[in-house]
Structure formats: structure tokens, C-alpha cells
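**Student:** My questions are about this predicted structure, shown below with the sequence.
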Amino acid sequence: MEKRTSEAAKNQAVLQGNEACARGALYAGCRFFAGYPITPSTEIIEMMSSEMQKCGGAFIQMEDEIGSACAIIGARWGGKKAMTATSGPGYTLMQEAIGFAAVTETPIVIVNVQRGGPSTGQPTLSSQQDIYQARYGSHGDYEIIVLSPSSVQEMYDFTVRAFELAEQFRTPVILLADEVIGHMREKVVLKDGSKNIRSVKQKYVVSPQADFFQGENTLVEGQLHDSMGRRIGHMASKSGEFINNINKKISDHIDVIADIKTYFMDDADVAIVAYGSVVRPAINAVKLARKVEDDRIKPKLRIFKDIVKKGVQKTINTDYSHLKVGLVKINTVWPFPEELLKEATKDVHTVIVPEMNVGKYCREVERVLKDKTVIPMSKCGGDIHTPQEILDEILKEVGVDE
């Protein structure tokens, strides 16, 4: 039999999430990487250390995460798209540099593959505990863009998008992954089978980066400054204008940045709002709920529990009929997609928010959906929610108990 080959097959691979992130960065044009190894993001650093030399880029292992974040800022002003990767403890050390990148409007990408904290915490287990730190970690007022992948494919795609958004808005962009997504393996459709760099006509919201040595007189330092690079920190009115401008360039373009995806929301009475790896059990729970029938709720529920106990994965068919439950998947967690969420949930009465922390993102959902019953479903300790746990919460909220 003739061996089948195609361009599609050539551009497919089974990759770990962290490997997919590195491949996405290379395709997006990243040509400088500085980092310090830390579980569970180390595979990104390992892959970039070998691949950078092959494509004419530069890799450097820094003495710590502070140096890593500062190095990529310098590299970007030197004309190279730059990225670093870390986890919670290292991300904490990067906060001053993130604020510096925000005030100097430097387009960089930082990957945080989350693990349990505080402090050294749980190096090998997952969490979503850094969701607020990603938004409010550095001091002062600034806006930031944060993407949250829930699959290996999205680790690739969202990394590419992170570089595009960073350049478009001249700002740091955070890829907020977690250990589950970073270490799982799935089939990925790649766009870089020929190792070509992504070529895209960039639509800039602000003026493009003025790199060093290109004839521009540019002041790059942490004090507030005007459009000519002159310090204005002592001038209240001009300083206020500057802060408003670096915030509004993002807040005024949420319609461009914000991204959600909905499942089974056309007729939903109850919605699950989830991001990152928790999306995976959430969508399975929705499918299970959609299969439950009026007169067979308890028997079916017991069957599902038996299946979970035995560790057998049940094949879900497309017969979704009874419990009208849907899912809103948040891809861009910051800036918060207020209008998209309101529109997606306009016909539901109850919203359940499962997340691997004490219920942080749920507070934002409650703030926006004041007319809904919003139920936090927090889980700490390092284990992701199971579909059964989320299904049980759905059944409880719609008044179905064993």
C-alpha cells in the first residue's frame, strides 16, 4: 500500500503543552529567550535552549527570574521579540519588571505555568491561584492582557496570539497556563512545519516599537514620561494623562482583545463559567447533565458515579435533552470580558464558577452578573475538579438530589 503523506500530516504532532508553547513562540518570531528553570515550566526552557540556536536566536539561562524578566525587556528594545517562562515563585520575582515593561510600553511575553502556593508550595501539582496576581501583581495602575489556554493546541495558538497582542498594544502579555495543561500531551496542528516565521501585517493600536539604534531618541526608564520621553513625574496633570493613556489603550479596545467561547448556551438556564484546565471537566459535566432525563435522574446519577469510581471514561453521545446547562469558556481572562459574559448569560438564572483556588475569579463574575445567582466552586490542594463533582453541583443548584 502506498504510504500516505500530506501537508496536514506533516504539520501535526503529539506534543506536551510546554513543548507546544515553545513551538508557538518560535513560529511567532521569538528570537530571544531568557529564563531560569522551575517546575512545571522547565520543558519550555529546555526546548528553547536548543531551538533558538537553530533559528538564529539567542538563549540565556539567567541567575534568577528577576534577571530573566529584565533581560527580555532589554532584548525587545534591541529589536528581538522576546519571551520568558516560569511558575508562581518566579512570577512573583518578576513583578517589578512587569511594571517597568508596562510603563515603558515594552511588548514582551511571559508564560506562567501555575502550581500550588503560597511560597514554594506544590511544585508538581496544579492550581489557578495566580489569577489575581497576573492582573494586579505589580504596583501602580496599569492594564495587562492575560490569556488562559485549556488544551495543548491552545498552548500553541495562544502563544502566537500573545506575541501579536503584545506588539499591537505595546504591552506585556501573560500566558497563564497551569501544570495540567503544561504537562499533558495531545495532538497539535502546527503552522510551522517548514519552520517559517509567522508573517502578519500587524494592526497597531499604538505606534510600533521604536527599537534602539534606529534613529529614534527614546528614553526607556521607569519614571512617568511624555510622548517625547521627558520626565513628568513631578507634574500631576501630565502624569494623570499618561496613566490614563496606558490604561485606555487596553480598556478602550476590549472588543478586540476579549475572547470567550460558548457551548450549549442557546437554551441554557444554568451556565458554567470556567477558564484554563478546569474547562475540560466542566464541558464533560455539561454533557452529562444534558443527558439526564426526568424519570431516570437517580439511576443515571448512580451509573455515572460507578463509572467514575472504576476509572472508566464514558463515551458521550449527542443526545442532550433534559437539564439545560451550558458553558462559557473564558480565553482572555484579563481584561475581564464583561460585555461578552453578560450577553452569553443573559437568559440564565444561575452561574457556577469552578476554579482551582479559593474562588477569586468568581468575585469578578459576581460583580458583573448582579442579577444572577453566582455559585463559587473552589478547589484547593492541587487536584483538578472531576466532571462528577461539577455535575453534582449542577444537580444541587437545579434542585435534583439523591
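**Tutor:** Nice, thanks for sending it over. What you see is a predicted model, and the numbers here were worked out from it, not measured in a lab.

**Student:** Isn't residue 15 up against residue 23?
**Tutor:** Yes. Between residue 15 and residue 23 there is a contact under C-beta atoms under 8 Å: 6.9 Å. To be clear about C-beta, it is placed using only N, CA and C from the backbone, and glycine gets the same treatment.

**Student:** Overlap of the contact sets of the two?
**Tutor:** 156, 188 (C-beta atoms under 8 Å, 6 or more residues apart in numbering).

**Student:** Below-threshold pLDDT in the protein: ranges please.
**Tutor:** For the chain, the stretches flagged by pLDDT under 70 are 1-9, 192-206, 209-210, 213-217, 292-322, 399-402.

**Student:** longest helix in it, by residue count?
**Tutor:** In the chain, with assignment by DSSP state H, the single longest helix is helix 152-169.

**Student:** Mind giving me the packing neighbours of it?
**Tutor:** Contacts defined by 3 or more C-beta pairs under 8 Å, 6 or more residues apart in numbering; DSSP states H and E place helix 152-169 against strand 12-16, helix 17-28, strand 81-86, strand 109-114, strand 145-147, strand 173-178, helix 179-183, strand 185-189.

**Student:** would you list every one of the strands in the chain?
**Tutor:** Taking DSSP state E to define them, one finds strands in the chain at 12-16, 30-35, 58-61, 81-86, 109-114, 145-147, 173-178, 185-189, 260-263, 270-275, 325-330, 332-334, 350-355, 373-378.

**Student:** and residue 392, how far is that from residue 106?
**Tutor:** 46 Å (C-beta to C-beta, to the nearest Å).

**Student:** Looking at the two, which is more packed in?
**Tutor:** residue 106 (23 against 19; other C-beta atoms under 10 Å).

**Student:** Geometrically speaking, which residue is the centre of this structure?
**Tutor:** By C-alpha atoms, centre = their mean, the chain has its centre lying nearest to residue 148, at 1.7 Å.

**Student:** which residues touch it?
**Tutor:** 158, 176-177, 275-276, 330-333.

**Student:** now do residue 97
**Tutor:** 66, 69-70, 73.

**Student:** same question, residue 25
**Tutor:** Counted by C-beta under 8 Å, 6+ apart, residue 25 has contacts 33, 48, 83, 109, 159, 163.

**Student:** excluding its backbone neighbours, what's nearest the second one?
**Tutor:** When the adjacent residues along the chain are set aside, residue 48 lies closest to residue 33, with 4.2 Å between them (C-beta to C-beta, 6 or more residues apart in numbering).

**Student:** circling back: which one of the strands of the chain lies closest to residue 219?
**Tutor:** strand 81-86 (20.1 Å; C-beta to C-beta).

**Student:** who touches that closest one?
**Tutor:** 18, 21, 25, 28-36, 38, 41, 44-45, 48, 65, 68-69, 71-73, 75-76, 94, 107-113, 163, 167.

**Student:** what's the angle between it and helix 17-28?
**Tutor:** Interaxial angle, strand 81-86 versus helix 17-28 (axes from the mean of the first three to the mean of the last three C-alpha atoms, to 10 degrees): 170 degrees.

**Student:** So which residues of the stretch 301-402 of the chain form helices?
**Tutor:** For the stretch 301-402 of the chain, applying DSSP state H, counting those that start in this stretch gives helices covering 338-344, 360-368, 387-397.

**Student:** With distance to residue 11 added, can I get those in TSV?
**Tutor:** Converted to TSV, those look like this (distance: least, C-beta to C-beta, whole Å):
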stretch	distance to residue 11
helix 338-344	31
helix 360-368	34
helix 387-397	31
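
**Student:** isn't residue 253 right next to residue 165, touching?
**Tutor:** No. The pair residue 253 / residue 165 is not scored as a contact, 10.0 Å apart, by C-beta under 8 Å.

**Student:** Of these two, give the one with the bigger neighbour count.
**Tutor:** It is residue 165, of residue 253 and residue 165, that has more neighbours when counted by other C-beta under 10 Å, with 22 against 16.
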